[in-house]
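>>> Provide a 3D model corresponding to the input given below.
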Amino acid sequence: MSLNIAITGSIATDHLMRFPGKFTDSLVADKLDHVSLSFLVDDLQIRRGGVGANVAFSMGKLGLRPILVGAVGKDFAEYRSWLERHNVDCESIHYSHDKHTARFVCTTDDAANQIASFYPGAMSESNLIELGPVIKRVGKIDFVFIGPSDPLAMLKHTEEAKQRKIDFIADPSQQMARMDGKEIAQLIEGATYLFMNEYESSLIEKKVGWNTDELMKRVGTVVTTLGAKGARVQSKNEVIATVACPPETERIDPTGVGDSFRAGYLAAYSWGLKPERCAQVGSMLATYVIETVGTQEYFFSNEEFVKRFENFYGKDPAAEIKPFLVK
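Just a heads-up that it's a prediction; the model follows:
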């Protein structure tokens, strides 16, 4: 089957710098109430990022054409060109007249201490986006992925999906830390899929008050990522599948691993594969990301992906995904 999947979520650039020393060496204990410091860094890497953009990019790598829905600034031209070259539909992106694309600026010292700032910029206008014009342009939307972005936008997209009777995937992720229980419940209830990790599962129980049994009454399927242990797929209190993660050649940077897992899962779901296979494709894609610096810098040929998948999961599982990747 071929599905039209709209990916909503943050679109950002990451500015990553390294300070060859320790921040603490420049701090004066009795002067911390008046800090004025400047660090000369010796490295700057500018990386494409944002949950929505990461998920859409990774789905494009697997041959799908996801519809990216988010807000950016006029400085988005090069990033847009990159996404379009990797099969992402960018025609439903909102452009701010006066704000820059969201930006994460982080300096890391030799002790792995970090000083960082996040500028939401144009992302704060994503609550202006309606799904109706997207549907009018593409004909229909089969699924809406609602990833972390401006909280008002997340709530709005969720409510519109419910009103229009569009299946939606809830992934509130890091935004749960700043939202209250009522808002989190609004994002989750009625979702066809809920993606989360183990910590976020505990956060839902703490803030919303739903244990696993109560949660499963309100969503179709829950996919819980378990870090290096892989992922668990659960529906109506029944564990459908528990999937291991392929070993990485080297562990370089975990940033964006969860985004790529979601992309792989959704790609395999759109191919009509069962949950176990979906989670395996997601885990394989996540392994590529952890082996690379940057969330969209990894590379593989489709043949290589299938071969590596086969080496870990076996010939029969690989035979199921091969027709969608190797033509």
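
>>> secondary structure class for Gln45?
Gln45 falls in the strand class when you classify it by DSSP: H, G, I helix; E, B strand; the rest coil.

>>> wait, doesn't it sit right on Val293?
Yes: the criterion here is Cβ atoms under 8 Å, and Gln45 meets it with Val293 at 7.3 Å. (Each C-beta comes from the backbone N, C-alpha and C, glycine too.)

>>> State the helix or strand in which the nearest residue to Leu62 once chain neighbours are set aside lies.
Nearest residue to Leu62, sequence neighbours excluded (Cβ to Cβ, 6 or more residues apart in numbering): Ala267, at 4.2 Å. Assigned by DSSP states H and E, Ala267 belongs to helix 257-270.

>>> which residue sits closest to Val72, ignoring its sequence neighbours?
Thr101 (4.5 Å).

>>> What distance do you get for that neighbour to Gly258?
Separation of Thr101 from Gly258 (Cβ to Cβ, to the nearest Å): 21 Å.

>>> what about the two, which has more around it?
Higher neighbour count among Thr101 and Gly258: Thr101, with 26 against 23, using other Cβ atoms under 10 Å.

>>> From Lys61, how far off is the residue nearest in space to the middle of the chain?
Centroid-nearest residue in the chain, with Cα atoms, centre = their mean: Asp259, separated by 3.1 Å. Distance from Asp259 to Lys61, counting by Cβ to Cβ: 12 Å.

>>> for Ala177, same thing?
29 Å.

>>> Among these two, which residue is more densely surrounded?
Lys61 (23 against 10).

>>> wait, the more buried one sits on Val88?
No: taking Cβ under 8 Å as the definition, Lys61 is not a contact partner of Val88, at 9.8 Å.

>>> any idea how far Met196 is from the residue nearest to Ala177 when sequence neighbours are not counted?
Distance criterion Cβ to Cβ, 6+ apart; nearest residue to Ala177, sequence neighbours excluded, is Leu203 at 7.4 Å. To Met196, Leu203 is 8 Å away according to Cβ to Cβ.

>>> Between those two, which is the more surrounded one?
More crowded of Leu203 and Met196, by other Cβ under 10 Å: Met196, with 22 against 18.

>>> Now the closest residue to the more buried one other than its chain neighbours: which helix or strand?
Excluding its sequence neighbours, the residue lying closest to Met196 (Cβ to Cβ, 6+ apart) is Thr224, at 5.9 Å. Using DSSP H and E, Thr224 maps to strand 221-225.

>>> Run me through the strand neighbours of the next helix or strand after that strand, direction for each.
As assigned by DSSP H and E, the chain's next helix or strand after strand 221-225 is strand 231-235. The strands beside strand 231-235 in its sheet (DSSP bridges) come out as strand 221-225 (antiparallel), strand 238-243 (antiparallel).

>>> can you tell me the average pLDDT over the shortest one?
So the one you mean is strand 221-225. Across strand 221-225, pLDDT averages out at 93.

>>> what does the longest one give?
For strand 238-243, the per-residue pLDDT values average out at 86.

>>> now do stretch 194-209
Rounded mean pLDDT across stretch 194-209 is 90.

>>> buried set for it?
For stretch 194-209, burial by neighbour count (16 or more other Cβ atoms under 10 Å) applies to Leu194, Phe195, Met196, Asn197, Glu200, Ser201, Leu203, Ile204, Lys207, Val208.

>>> One more: stretch 270-279?
So for stretch 270-279, counting by 16+ other Cβ under 10 Å, buried means Ser270, Trp271, Leu273, Pro275, Glu276, Arg277, Cys278, Ala279.

>>> Rebuild these as CSV, extending it with pLDDT, secondary structure and distance to Gly9.
As requested, those are arranged in CSV below (pLDDT from 0 to 100; DSSP: H, G, I helix; E, B strand; the rest coil; distance: Cβ to Cβ, whole Å):
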residue, pLDDT, secondary structure, distance to Gly9
Ser270, 95, helix, 18
Trp271, 95, coil, 22
Leu273, 95, coil, 23
Pro275, 94, helix, 22
Glu276, 95, helix, 26
Arg277, 96, helix, 24
Cys278, 96, helix, 19
Ala279, 96, helix, 20
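
>>> so which two of these are the farthest from each other?
Across these, the longest distance by Cβ to Cβ is 15.9 Å; it joins Ser270 and Glu276.

>>> sorry, back to before: the helix holding Ala267 - contacts with which helices or strands?
helix 51-61, strand 143-146, strand 193-197, strand 221-225, helix 275-290 (3 or more Cβ pairs under 8 Å, 6 or more residues apart in numbering; DSSP states H and E).

>>> All good on my end, thank you.
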